[in-house]
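> Generate a structure from the sequence data that follows.
(one chain, ligands or ions: 1)
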Amino acid sequence: MWKFIEKQKKILASETNALAKHWGGKLSVVLVYPNVYSVGMGNLAIHALYKILNDHPNVVCERAFLPDKNDMAESLRTNTPVLSIETQKPLSEFDCVAFSISFQNDFLNIIPILSLCSIPHRSNNRGGDYPLLLAGGAAVTINPYPVSQIFDCLALGEGEEVFSEIVSVLCEETDKKQRLQLLSEINGLLVPSLTTGDVKKRFIKDLDKWRTETVVYSNNAEFGDMHLIEMSRGCPRKCRFCATPSLYSPFRVRSKKAISQMLQDGEKFRNKIGLIGADLLSHKTLIDIIEEIHEMGKTFSPSSLRVDGIDNKIASLLAKSGHKAVSLGIEGASISLRSSIGKDFSDDQIISAVSILAENKISFVRLYFMIGLPGETLADIEGIVDLVLKIKTEMKKQKKMAISISVTITPFVPKPDTFFCKEKFAEEGYLRKAIKILKRSLSDKKGISIHHDTILSSQTDYILSNRGTDLITFLENIYETGSIRKEVSKFGL
Ligand code: SF4
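The predicted model follows:
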């Protein structure tokens with residue numbers, strides 16, 4: 001235990017702006033990100049909720065994360081619970097344990113965390129002596145049912161407003177039964193033991209009212225060298241495979257004034273500004289904001305850029321910020337396949353985007369493709385090979401600087417509330433063949449590297465995104481046996 005306390009203290013000492021409020025008489029909440037510290041601290045939801053909760057005079061909020069592989073083994077061996085960063089307390093000592101879950105596969109980490117803390121993972125096995133267990137985030141909003149037997153209450157949609165309402169209930173009422181009754185009456189909350197019927201997701205109207213940015217700075221976090229700022233939420237495009245437009249609806253942008261304020265306040269902490277948004281190029285004042293960042297003597301890094309939005313202006317600004325690499329989501333190999341999924345840009349537009357980037361000395365492009373899309377055949381997979389090689393050849397022809405291409409392949413996962421929600425997950429044999437073709441055709445080519453997500457991980461994502469309450473045994477069995485493959489194979493995908 002002592003070793004883990006020291007470790008959390010060391011993390012706390014390495015951070016800037018973490019808060020360790022006095023507990024006396026306050027509602028204690030621990031925000032848990034069910035993945036390791038570096039990943040969790042790269043997630044803006046944790047920062048935003050941490051600030052909202054700690055700004056409340058009657059609440060003390062701390063953070064906790066999944067122990068890394070070595071620490072997990074050691075924790076199990078020594079029976080040491082997961083400890084909060086701020087005061088190194090076990091999760092069971094908090095009034096409320098609130099999980100923020102962005103990715104479906106992180107559902108697998110919930111039972112291990114609760115077990116380490118000796119908190120029964122099924123809600124009907126927990127009495128009033130245990131902390132209240134809440135969960136929210138994109139994964140819960142996409143499909144809350146796999147974890148509905150674990151949590152006392154699930155928040156669907158965006159958390160800013162609803163968390164303030166949850167806190168009011170928890171501060172006023174101490175009896176668990178009464179708390180759950182009151183929570184079940186709040187819009188956007190699903191209390192599995194009480195709620196009947198559908199729950200409408202909560203969305204905030206005005207992004208400017210809420211600051212979503214890095215609050216606690218840590219060099220050990222993903223994107224830890226940046227001050228992250230959310231520019232917009234949702235997406236004005238409606239790619240048929242993508243859950244973002246329905247997850248964060250409608251598309252909203254932060255005003256330039258609100259973003260400038262965050263830039264100025266964060267100026268002293270970091271020299272690099274991470275601009276976060278699903279379709280940044282549709283933010284009307286993006287160029288002004290980037291120029292403001294450059295005038296401040298800082299650089300910027302965009303979370304995403306559209307192929308058909310790359311022009312000389314944005315490429316030169318990226319170059320000015322020192323970028324040597326850019327990521328582009330191509331998704332489908334052929335124009336017809338791309339049109340069918342809502343990404344209808346031509347091969348020429350892709351080549352033109354890469355060419356403009358190369359002219360601006362950005363010589364490394366990461367191209368993202370999905371495989372197993374509805375209507376796709378192995379001929380389309382050959383199309384990915386042709387497209388990547390065509391880009392290389394064209395750059396050579398145009399005598400652009402030698403470019404390097406990294407190709408990342410992800411098996412397509414149909415998600416609820418999307419146009420493709422009723423599609424099946426592609427057969428494993430087909431996906432294996434597709435990956436084999438891509439590796440065989442591209443991996444030995446100079447200046448091209450290929451990476452792929454595992455089929456098993458996408459299958460797990462598919463199951464957890466689309467199946468229901470029976471998945472509690474799926475999660476329990478994986479925890480007991482440690483074999484994801486064995487449990488996934490039972491679904492016969
Ligand atoms: S894939 Fe990107 S551009 Fe398309 S809807 Fe999703 S976030 Fe928007």
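
> how about the residues of this protein near the ligand?
235, 237-239, 242, 244-245, 278-279 (C-beta under 6 Å from any ligand atom). Yep, even glycine has a C-beta here, placed from its N, CA and C like the rest.

> Now for residue 448: which residues touch it?
By C-beta atoms under 8 Å, 6 or more residues apart in numbering, residue 448 lies in contact with 388, 392, 404-407, 442.

> Switch the residues you listed over to JSON lines; also include secondary structure, pLDDT and neighbour count.
Output for the contacts of residue 448, formatted as JSON lines (DSSP: H, G, I helix; E, B strand; the rest coil; pLDDT from 0 to 100; neighbours: other C-beta atoms under 10 Å):
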{"residue": "388", "secondary structure": "helix", "pLDDT": "96", "neighbour count": "24"}
{"residue": "392", "secondary structure": "helix", "pLDDT": "91", "neighbour count": "19"}
{"residue": "404", "secondary structure": "strand", "pLDDT": "94", "neighbour count": "15"}
{"residue": "405", "secondary structure": "strand", "pLDDT": "96", "neighbour count": "21"}
{"residue": "406", "secondary structure": "strand", "pLDDT": "97", "neighbour count": "16"}
{"residue": "407", "secondary structure": "strand", "pLDDT": "97", "neighbour count": "23"}
{"residue": "442", "secondary structure": "helix", "pLDDT": "96", "neighbour count": "18"}
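
> follow-up on the earlier one: keep only those of the residues of the chain next to the ligand that are in helices.
In helices, defined here by DSSP state H, the members of the residues of the chain next to the ligand are 244-245.

> quick one on the thing from earlier: kindly reformat the contacts of residue 448 as JSON lines and extend each row with distance to residue 296.
JSON lines is the format used below for the contacts of residue 448 (distance: C-beta to C-beta, whole Å):
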{"residue": "388", "distance to residue 296": "38"}
{"residue": "392", "distance to residue 296": "38"}
{"residue": "404", "distance to residue 296": "31"}
{"residue": "405", "distance to residue 296": "33"}
{"residue": "406", "distance to residue 296": "31"}
{"residue": "407", "distance to residue 296": "36"}
{"residue": "442", "distance to residue 296": "41"}
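
> now, among these, which is nearest to residue 32?
residue 406 (32.9 Å; C-beta to C-beta).

> Give the full set of residues in contact with the closest one.
By C-beta under 8 Å, 6+ apart, the contact list for residue 406 reads 364-367, 448-451.

> and if we set it to 6 Å?
Contacts for residue 406 (C-beta atoms under 6 Å, 6 or more residues apart in numbering) come out as 366, 449.

> Look up how far residue 443 lies from it.
Distance from residue 406 to residue 443, counting by C-beta to C-beta, to the nearest Å: 12 Å.

> just residue 161 next, same as before
According to C-beta to C-beta, residue 161 stands 49 Å off from residue 443.

> Centre of the chain to the host helix or strand of residue 440, how far?
Assigned by DSSP states H and E, residue 440 belongs to helix 428-442. Centre-to-centre, helix 428-442 and its host chain are 27 Å apart (C-alpha atoms, centre = their mean, to the nearest Å).

> ok, now stretch 418-425?
21 Å.

> ok, and what's touching it?
By C-beta under 6 Å, 6+ apart, stretch 418-425 touches 240-241, 243, 374, 414, 462, 493.

> what's the answer for stretch 212-228, then?
15-18, 38, 41-42, 44, 47-48, 50-51, 229-230, 262, 266, 269-270, 272-274, 276.

> Also stretch 476-490?
Residues from elsewhere that reach stretch 476-490, judged by C-beta under 6 Å, 6+ apart: 108, 111, 456, 459-460, 474.

> Only the buried residues of that stretch, if you could.
Residues 476, 478-479, 484, 487-488 are the ones in stretch 476-490 that count as buried (16 or more other C-beta atoms under 10 Å).

> again, but for stretch 152-161
Under 16+ other C-beta under 10 Å, the buried positions of stretch 152-161 are 152-161.

> which of those residues lies closest to the ligand?
Of all these, the ligand sits closest to residue 158, with 16.0 Å by C-beta to the nearest ligand atom.

> Surely that closest one touches residue 203?
Yes - here residue 158 reaches residue 203: they are 5.3 Å apart, a contact under C-beta atoms under 6 Å.

> So residue 168 versus the ligand, what's the distance?
The gap separating residue 168 from the ligand is 33 Å, by C-beta to the nearest ligand atom, to the nearest Å.

> what's the average pLDDT for stretch 355-370?
The predicted model assigns stretch 355-370 a mean pLDDT of 95.

> start to end distance for that stretch?
Using C-alpha to C-alpha, to the nearest Å, the gap from the first to the last residue of stretch 355-370 comes to 23 Å.

> Could you do stretch 291-306 as well?
20 Å.

> Go through that stretch and flag the buried ones.
Using 16+ other C-beta under 10 Å as the test for burial, stretch 291-306 gives 292-293, 298-306.

> ok, which stretches of the stretch 1-150 of the chain are strands?
For the stretch 1-150 of the chain, the strands defined by DSSP state E, counting those that start in this stretch occupy 27-33, 59-65, 96-100, 132-136.

> Reformat the ones you listed as TSV; add distance to residue 420 and mean neighbour count.
Formatted as TSV, the strands of the stretch 1-150 of the chain follow (distance: least, C-beta to C-beta, whole Å; neighbours: other C-beta atoms under 10 Å):
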stretch	distance to residue 420	mean neighbour count
strand 27-33	29	25
strand 59-65	33	26
strand 96-100	27	26
strand 132-136	25	25
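
> which residues of this structure score low on pLDDT?
Where the chain drops to pLDDT under 70, the residues are 400.

> coming back round to it: for ChimeraX, write the select line for the buried members of the residues of the chain next to the ligand.
The buried residues among those can be selected in ChimeraX (16+ other C-beta under 10 Å) with this line:
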select :235,239,242,244,245,278,279
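
> export the residues of the chain next to the ligand to JSON lines and tack on distance to residue 104?
Shown next, in JSON lines, are those (distance: C-beta to C-beta, whole Å):
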{"residue": "235", "distance to residue 104": "19"}
{"residue": "237", "distance to residue 104": "22"}
{"residue": "238", "distance to residue 104": "21"}
{"residue": "239", "distance to residue 104": "19"}
{"residue": "242", "distance to residue 104": "15"}
{"residue": "244", "distance to residue 104": "14"}
{"residue": "245", "distance to residue 104": "18"}
{"residue": "278", "distance to residue 104": "18"}
{"residue": "279", "distance to residue 104": "23"}
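
> how close does residue 336 sit to residue 379?
Using C-beta to C-beta, residue 336 is found at 11 Å from residue 379.

> And residue 119, by the same measure?
For residue 119, the distance to residue 379 - C-beta to C-beta - is 52 Å.

> out of those two, which sits in the more crowded spot?
Counted by other C-beta atoms under 10 Å, residue 119 and residue 379 do not tie: residue 119 has more neighbours, with 21 against 10.

> who's in contact with that one?
Residue 119 sits next to 92, 130 when contact means C-beta under 6 Å, 6+ apart.
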